[in-house]
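Enquirer: Provide a 3D model corresponding to the input given below.
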Amino acid sequence: MGRRTSSVKAFVDWRERLRRYESSGLSIDAFCRQEEVSRTQFAQWLRALQEASGGEASRSPARPAFVPVTVKASFIEILLPGGGLVRLSAGIDRTLLLDVIRSVSTVLEESRS
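Expert: Now for the predicted structure:
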């Protein structure tokens, strides 16, 4: 999509619109309805602005791609084929957990033979 001098305003407007989308928390469809623009227009401008910025994603560089996640659970469940369930304390030692997984895998393999 080439930008003519007359479309500089559209370029600036869409750049701002995409920034609003990023901070809106809305799905693309919901945001497009709110802004009264088509999903096709949204996709075209997103692609054009990414190309104009050297192919970078439109998200702000200050926003990390990955964020740390903490899972708070009291137990870990391993669902076995056939409906069996192994439930362990979430505080289980990593080495012991790996041993349990290996043991369960071995038992399952032997039962298939």
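
Enquirer: tell me where the chain has strands.
Expert: 75-79, 85-89 (DSSP state E).

Enquirer: now for those strands, which one comes closest to Glu16?
Expert: For the strands of the chain, proximity to Glu16 was assessed by CB to CB; strand 75-79 is nearest, at 45.8 Å. Where C-beta positions appear, they are placed from N, C-alpha and C, glycine not excepted.

Enquirer: any buried residues in that closest one, and which?
Expert: For strand 75-79, the neighbour count (16 or more other CB atoms under 10 Å) marks no residue as buried.

Enquirer: so for stretch 74-89, what's the average pLDDT?
Expert: The average pLDDT within stretch 74-89 is 78.

Enquirer: that one: how far from the chain's middle?
Expert: In terms of CA atoms, centre = their mean, to the nearest Å, the centre of stretch 74-89 is set 26 Å apart from its chain centre.

Enquirer: swap in stretch 76-91?
Expert: Distance, stretch centre to chain centre, for stretch 76-91: 26 Å (CA atoms, centre = their mean).

Enquirer: output that stretch in CSV with nothing but the alpha carbons.
Expert: The C-alpha coordinates for stretch 76-91 follow below in CSV (Å, rounded to 0.1, in the frame of the first residue of the first chain):
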residue,chain,number,x,y,z
ILE,A,76,-0.1,-31.4,40.3
GLU,A,77,-2.3,-33.9,38.5
ILE,A,78,-1.1,-36.3,35.8
LEU,A,79,-4.0,-37.7,33.9
LEU,A,80,-3.2,-41.2,32.5
PRO,A,81,-4.7,-42.9,29.5
GLY,A,82,-7.6,-45.0,30.5
GLY,A,83,-8.7,-42.5,33.1
GLY,A,84,-6.1,-43.0,35.9
LEU,A,85,-4.9,-40.0,37.8
VAL,A,86,-1.7,-39.3,39.7
ARG,A,87,-2.0,-36.4,42.2
LEU,A,88,1.1,-35.0,43.8
SER,A,89,1.8,-32.1,46.1
ALA,A,90,2.8,-29.0,44.1
GLY,A,91,5.8,-28.7,46.4
